[in-house]
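Asks: How does the following fold in three dimensions:
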Amino acid sequence: MSDHEKVERIPFTCTLDCGSRCELVACIESGRAVRLDTPPNRQDTDNQPRLVPCARGRAQRRALEVPEKLRVPLSQVGCRGSGHLREITWGEALDEVASRLAEIRSRYGSLAVLHASGAGSISGRGFSGAMASHRFFSFFGPITETSGNQSYHCVEVAARWMLGSVVPSCDRATLLDSRLIVLWGMNPAETWMGPNTGHFVAGARERGARVIVIDPRYSDSGILADQWIPIRPGTDAALAAALAYVIESEGLVDQQFMASSTRGYDLYRAWLLGEEDGVPKTPGWAGPITGVSAKVTHQLAHDMATSKPMALLPGWGPQRTAYGEQIARAWITLACMTGNVGIRGGGLASIGTRFGGTVLRSLPQGPYRAARVVSASTWAAPILNHALHPPIRMAYVVASNLINRSPDARANALALDQLEFVVVNEQFLTPTARRADIVLPICTDLERSDLVTSWGHDSHLFCSRQAVPCEGQAHTDYWVFAQLAERLGFGLGYTGGRNEEEWLTYILGTEGLDRETLRRDGILRTDGPPRVALCGFREDPTAHPLPTPSGLIEIANPQASAYGLPVIPSYVADEASAADGFPLQLITPHSKLRSNSCGHANPWLRELEPHTVWINPVDAKVRGIAQGDLVYVSSPSGAIAIECGITERIMPGVVCVYQGTWYEPDEERIDRGGCANTLTGHRLSPTGGPTTHSTWVEVSKRL
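Replies: Numbering: from 1, shown residues only. Predicted structure coming up:
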């Protein structure tokens, strides 16, 4: 037998919250994963390219070997956060967790239990991560739960106000028909934002389309673009207003579409022209606010209005600001004004995803739902301020490095320390796991099986098979919760008498599912001809109305008044700008080397790019900072120590720290891990969205 024949090839996919979902093959030799590969002989066309993994997916094998990987249950010794943990048996761990859950429920009621979950192990069928824990607590009782979308809260609000619902986007393949693509805060080279987005942008450019990037920094997606327009964070709605002013004042509005398909534009138009306040929203008005010159703004407006079709692709970073609702509404308005809604090569300028296409059998839920929610962004504040009645006594954290993922990491750690008991299901010894009383080791994607739907796209279903045995004593979340459910008296309700393999067989029995192809190839692709969002609505708004009061796209939204916002998508200046001693604006984008904080522990990924604070040479010179210096970035919330990266790829007055590195405070409370959320605070937008990109900082060689 040849060496090639000894290698077993097992298809799987990673379930990171990365912006895509890709095909991977684990090459197994003698029970070990010796390398990761991609499937051979896959269809690869312009409209349906292969699903090729990025560095994060290819790093899954190396993640099995990192020192921080959890292999046995652990119990805290001494104070939380000390890192002094001892090995215990599964029996001891499960008995303790079940006993504490029952005790807290008996003494204080189930509301005293906080269930906190995150984006780990997303898109599976309920065996791992939040899906498994949600099911468990649906049988346990009406608990308190973290809630709210930290990724695209304001964009979702805008979609519901203006479109009546979260409308699926155009398929990315339609970008091949675009003549102009505007990546506004969108960075598909690092956060893919749907399968092969960067591929289709590059393909459109090869066919003659122009690509423009609007972003405070020249991200890696700059390589896809013809022009970079830097903009001050939080001022995007002012730039949108100036673009709309030029389009309106120079007669470039698609009057037919606006008249047939929208309502409320007259109010926005009056504001643009200054009919209410006497201030026309010209490019000259917007320049001092945004940092974008009047000449550049004027040309961009002409390009967007006259290049047909034009695809405005917003990212989610610009709406994570103090008034992020306004730019999210303005993007949709610009798409309407230029007549690019409902056509190939255009777009809706909304969330940008398609969910819900694959309908599969699901695992049954219990009788309970969360009876109280706290914001996923500011959950620590009501604990620290004693604002909850009854108060939280215990936290159960699943698939989330909770300290890292929410703004104000220091406050998050303090809040956990105040609780009587903390349990964490984890794959790695994260900062959150270090502060737990009990840590339960969980299998990685290579060590378990699941059916996984694609991220941001509804035409891909993956059959991800277990490739290697679970290391040490690690188990799946499903197994953990089945054991706890048995101890708490609802084991049969949770499991239904089935183990994971039996549940997978049950789900694969979904009527109409092509099980043979799915099992053989590890993927079922149902991509048809590229779909165009709202094409039926555009053709006949009366026959295909939207679920809004008028049935049309509503530019003016009376609902906004309840939140102190204008009824139109106008620019609202942030009154809480540059605080004393903090003159630089901070942005905290996602890294191509991590998915949130997943991947931080992998040294192979860390070697690909150093973790630095990006700072413009002008700002560095004023502060006497040189390339590679250890500097301190501080804000009202805290301070981090980090290497300095001086670059003209970020505009003056703005600095960048990639999010996701682990929180590591020293004795002086300086975070030596460079966690971006050490610097961010608990302020929310008017409707409750995170405002991480409205943070002001200082960079210095000494604190």
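Asks: Skipping its backbone neighbours, what lies nearest the residue nearest the centre of the chain in space?
Replies: The C-alpha lying nearest the average C-alpha coordinate of the chain belongs to S151 (C-alpha atoms, centre = their mean; 4.2 Å). Spatially, and ignoring its direct neighbours in sequence, S151 is nearest to W316 (5.7 Å; C-beta to C-beta, 6 or more residues apart in numbering). Bear in mind the C-beta positions are built from the backbone N, C-alpha and C, glycine included.
Asks: The one you found belongs to a strand, doesn't it?
Replies: No - under DSSP: H, G, I helix; E, B strand; the rest coil, W316 falls outside any strand and is assigned coil.
Asks: any idea how far it is from A244?
Replies: 21 Å (C-beta to C-beta, to the nearest Å).
Asks: same question, E554
Replies: 16 Å.
Asks: tell me which residues of stretch 678-695 are tucked away?
Replies: For stretch 678-695, burial by neighbour count (16 or more other C-beta atoms under 10 Å) applies to 678-695.
Asks: Those residues in strands, which ones?
Replies: Residues of the buried residues of stretch 678-695 located in strands (DSSP state E): T695.
Asks: ok so, going back, who are the contact partners of the residue nearest to S151?
Replies: W316 is in contact with 151-152, 155, 185, counting by C-beta atoms under 8 Å, 6 or more residues apart in numbering.
Asks: What of Q365?
Replies: 134-135, 138 are the contacts of Q365 under C-beta under 8 Å, 6+ apart.
Asks: top of the residues you listed by neighbour count?
Replies: R135 (23 neighbours; other C-beta atoms under 10 Å).
Asks: wouldn't that one be in contact with T495 here?
Replies: No - counting by C-beta atoms under 8 Å, R135 stays clear of T495, with 10.1 Å between them.
Asks: tell me which residues in the strand or helix carrying F137 are buried?
Replies: Per DSSP states H and E: F137 is located in helix 129-140. If you call a residue buried by 16+ other C-beta under 10 Å, then helix 129-140 has these buried ones: 129-140.
Asks: where exactly do the strands run in the stretch 301-450 of the chain?
Replies: 310-314, 372-375, 394-398, 421-426, 438-441, 450-453 (DSSP state E, counting those that start in this stretch).
Asks: what's the most buried one of these?
Replies: Ranked by mean neighbour count, these are led by strand 310-314 with a mean of 28 (mean count of other C-beta atoms under 10 Å).
Asks: counting contacts, what elements does it pack onto?
Replies: With contacts taken as 3 or more C-beta pairs under 8 Å, 6 or more residues apart in numbering; DSSP states H and E, strand 310-314 sits against strand 180-184, helix 294-306, helix 324-337.
Asks: Look up the pLDDT of E5 for me, please.
Replies: At E5, the model reports a pLDDT of 58.
Asks: Kindly apply the preceding question to W696 instead.
Replies: On the pLDDT scale, W696 gets 97.
Asks: just the one 4 residues further on next, same as before
Replies: The confidence metric pLDDT takes the value 98 at S700.
Asks: burial of it, as a residue count?
Replies: 14.
Asks: Would you mind listing the residues in contact with it?
Replies: So S700 contacts 623, 631-632, 634 (C-beta under 8 Å, 6+ apart).
Asks: ok, then the element right after the helix ranked longest in the chain?
Replies: When the chain is parsed with DSSP state H, its longest helix is helix 90-108. Next in sequence after helix 90-108, counting helices and strands by DSSP H and E, comes strand 113-117.
Asks: Which residue ranges of the stretch 601-703 of the chain form helices?
Replies: Along the stretch 601-703 of the chain, the segments classed as helices by DSSP state H, counting those that start in this stretch run 603-606, 617-622.
Asks: Output the below-cut-off pLDDT ranges for the stretch 101-250 of the chain.
Replies: Residue ranges of the stretch 101-250 of the chain with pLDDT under 70: 120-121.
Asks: Give me the distance between the nearest residue to K69 once chain neighbours are set aside and W331.
Replies: Of all residues not flanking K69 in the chain, F428 sits nearest, at 5.8 Å (C-beta to C-beta, 6+ apart). Distance, F428 to W331, by C-beta to C-beta: 37 Å.
Asks: More neighbours: which of those two?
Replies: Set F428 next to W331 and count neighbours by other C-beta under 10 Å: W331 wins out with 29 against 23.
Asks: Same list, the helices of the stretch 601-703 of the chain, but as CSV with distance to D220 and mean pLDDT please.
Replies: Listed next are those as CSV, based on distance: least, C-beta to C-beta, whole Å; pLDDT from 0 to 100:
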stretch, distance to D220, mean pLDDT
helix 603-606, 15, 92
helix 617-622, 20, 98
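Asks: between these, which gets nearest to D266?
Replies: Among the helices of the stretch 601-703 of the chain, helix 617-622 comes nearest to D266, with 43.1 Å by C-beta to C-beta.
Asks: packing partners for the closest one?
Replies: Counting contacts by 3+ C-beta pairs under 8 Å, 6+ apart, helix 617-622 is packed against strand 638-646.
Asks: Give the pairing partners of the strand it packs on; include direction for each.
Replies: strand 612-615 (parallel), strand 630-635 (antiparallel), strand 670-671 (parallel) (DSSP bridges).
Asks: isn't there a strand covering F200?
Replies: No - counting by three-state DSSP, F200 is located in no strand; its state is helix.
Asks: ok, it touching A173?
Replies: Yes - counting by C-beta under 8 Å, F200 touches A173, with 6.0 Å between them.
Asks: more crowded one of the two?
Replies: Between F200 and A173, counted using other C-beta under 10 Å, F200 has the larger neighbour count: 25 against 22.
Asks: residues contacting the closest residue to L608 other than its chain neighbours?
Replies: Of all residues not flanking L608 in the chain, L593 sits nearest, at 5.8 Å (C-beta to C-beta, 6+ apart). By C-beta under 8 Å, 6+ apart, the residues touching L593 are 55-56, 599, 605-606, 608-609.
Asks: what's the answer for H590, then?
Replies: So H590 contacts 19, 187, 190-191, 596, 658-660 (C-beta under 8 Å, 6+ apart).
Asks: How about P589?
Replies: 187, 190-191, 217, 219, 317, 656, 658-659.
Asks: Helix, strand, or coil at it?
Replies: Going by three-state DSSP: P589 is coil.
Asks: now it: how far from I231?
Replies: 14 Å.
Asks: my guess is V424 contacts A433, does it?
Replies: Yes - using C-beta under 8 Å, V424 is in contact with A433, at 4.7 Å.
Asks: list the residues that contact both of the two?
Replies: V439.
Asks: So what sits opposite the closest residue to D514 other than its chain neighbours in the bridge?
Replies: In space, and not counting its chain neighbours, D514 is closest to L524: 5.7 Å by C-beta to C-beta, 6+ apart. When assigned by DSSP bridges, L524 has beta-bridge partners L461.
Asks: what do you get for M310?
Replies: L180.
Asks: Number of residues surrounding E103?
Replies: With other C-beta under 10 Å as criterion, E103 counts 14.
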